[in-house]
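**Student:** Structure here, sequence nowhere to be found:
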């Protein structure tokens, strides 16, 4: 005999109550996980981060192959465990000052929305955990494209990028066919 039945509740009511409880929508990722696990990195003089759940690995920038006819923000491709991984230079895309490539640069191998791509990071890779409620909207200094890709900014300041939005943005996808 169930607890509800002991209290005199009819089986139909017990089943209806259970059905209502099971029919409620599951909590979103944001509601289930109040904190964000982040991979921090530097672009120029600014600190950025991406959610660790999108990071497959971090690679040394080696054997970058340039690809002709690509937009300036597509640096080229690298071999990531047998897969040709396009590398995006967000400094060019965000129109930030560039310093040139060094042996400190890393490629952050990301996967979101069925796409894999790499982001060029200048240096300073580490991980951290922040509460979602500390994220604030983009400040006025983050305008245009940079503001479009932000989940938010922490008081430190640390700009947390929206990897899903980046993966879905057609401006970052190179999809040109060669004719002739």
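**Tutor:** Everything's here; your move. Everything numeric in this text was worked out from a predicted model, so none of it was measured.
**Student:** what's the single longest helix in the protein?
**Tutor:** helix 11-23 (DSSP state H).
**Student:** got the residue ranges for the helices in the protein?
**Tutor:** Under DSSP H, the chain gives helices at 3-6, 11-23, 29-32, 90-93, 145-148, 163-168.
**Student:** what residue lies at the spatial centre of the chain?
**Tutor:** residue 163 (2.5 Å; Cα atoms, centre = their mean).
**Student:** can you put the helices of the chain in TSV and add distance to residue 138?
**Tutor:** From N, CA and C alone the C-beta is placed, and that goes for glycine too. Output for the helices of the chain, formatted as TSV (distance: least, Cβ to Cβ, whole Å):
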stretch	distance to residue 138
helix 3-6	50
helix 11-23	37
helix 29-32	18
helix 90-93	15
helix 145-148	4
helix 163-168	13
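**Student:** Dump the ones you listed to JSON lines, plus distance to residue 72 and mean pLDDT.
**Tutor:** JSON lines is the format used below for these (distance: least, Cβ to Cβ, whole Å; pLDDT from 0 to 100):
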{"stretch": "helix 3-6", "distance to residue 72": "66", "mean pLDDT": "48"}
{"stretch": "helix 11-23", "distance to residue 72": "51", "mean pLDDT": "77"}
{"stretch": "helix 29-32", "distance to residue 72": "34", "mean pLDDT": "50"}
{"stretch": "helix 90-93", "distance to residue 72": "5", "mean pLDDT": "80"}
{"stretch": "helix 145-148", "distance to residue 72": "13", "mean pLDDT": "69"}
{"stretch": "helix 163-168", "distance to residue 72": "17", "mean pLDDT": "89"}
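**Student:** among these, which is nearest residue 80?
**Tutor:** Closest approach to residue 80 among the helices of the chain is made by helix 163-168 (16.0 Å; Cβ to Cβ).
**Student:** Out of the helices of the chain, flag the one nearest residue 73.
**Tutor:** Taking these one by one with Cβ to Cβ, helix 90-93 is closest: 3.9 Å.
**Student:** How about the closest one, which residues are buried there?
**Tutor:** Using 16 or more other Cβ atoms under 10 Å as the burial criterion, the residues of helix 90-93 that qualify are 90, 91, 93.
**Student:** which stretches of this protein have low pLDDT?
**Tutor:** Applying pLDDT under 70 to the chain picks out residues 1-8, 24-33, 97-104, 124, 142-146, 172-180.
**Student:** same thing but at 50, please
**Tutor:** 1-4, 30, 178, 180 (pLDDT under 50).
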